[in-house]
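# sequence-free structure coming up:
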């Protein structure tokens, strides 16, 4: 199944506690580009980005309180086109199963995911950011040979 992303993308912004400042700084560096898109994020991250940058960021619940799952459901519904998720690979998270499920959903629904500054820089600087893009969602309900 093909799904078209519009020129104005729906971008989820997520960061673990030790990475929130890194994500806020990245958003500040890319504020002009990000202002052209719809932004959302998990609770504390969305609030801090909005307060630090003046950008409108729709906040869901905090990650450990279901925010990761809320964003995952929005990916499934086609309401999120890409995800910038600065996660901390050195710190165990109480909601690691939720994080793994969120990353799994992102792959299944073929959305771009950045997990660090360099991958986020590549995504935001891509010419595809300012154009429509068709992504392919594999239909796993069909038997695969």
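Looks like it came in fine. Model, not experiment: these values are computed from the prediction.

# could you use CA atoms for every contact and neighbour count after this?
Will do.

# now the strands for the protein?
2-5, 10-15, 38-41, 57-59, 82-86, 113-114, 133-136 (DSSP state E).

# what's the fourth one in contact with?
Residues outside strand 57-59 that contact it (CA atoms under 8 Å, 6 or more residues apart in numbering) are 38-44, 46-47, 49-50.

# do the fifth one as well
Residues from elsewhere that reach strand 82-86 (CA under 8 Å, 6+ apart): 9-16, 19-20, 22-23, 106, 111-117, 120.

# low-confidence bits of this protein, can you list those?
Counting by pLDDT under 70, the chain shows low-confidence ranges at 94-95, 142-145.

# what's the spacing between the most centrally placed residue in it and residue 13?
When CA atoms, centre = their mean is applied to the chain, the residue found nearest the centroid is residue 83 (1.8 Å). Distance of residue 83 to residue 13, computed by CA to CA, to the nearest Å: 6 Å.

# next: residue 137.
Going from residue 137 to residue 13 by CA to CA gives 22 Å.

# again, but for residue 65
16 Å.

# those two: which has the busier surroundings?
The neighbour comparison of residue 65 against residue 13 (other CA atoms under 10 Å) goes to residue 13, with 26 against 14.

# report the angle between the longest helix belonging to the chain and strand 82-86.
In the chain, taking DSSP state H as the definition, the longest helix is helix 96-108. Angle, helix 96-108 to strand 82-86, by axes from the mean of the first three to the mean of the last three CA atoms, to 10 degrees: 150 degrees.

# report all helices and strands that helix 96-108 contacts.
In this structure, helix 96-108 makes packing contacts with helix 67-76, judged by 3 or more CA pairs under 8 Å, 6 or more residues apart in numbering; DSSP states H and E.

# go with 10 Å
Contacts defined by 3 or more CA pairs under 10 Å, 6 or more residues apart in numbering; DSSP states H and E place helix 96-108 against helix 67-76, strand 82-86, strand 113-114.

# closest one to residue 102 among these?
When the helices and strands packed on helix 96-108 are compared by CA to CA, helix 67-76 sits nearest residue 102, at 5.3 Å.

# and the closest one, what other elements does it pack with?
Contacts defined by 3+ CA pairs under 10 Å, 6+ apart place helix 67-76 against strand 10-15, strand 38-41, helix 43-53, strand 82-86, helix 96-108.

# all set now, cheers.
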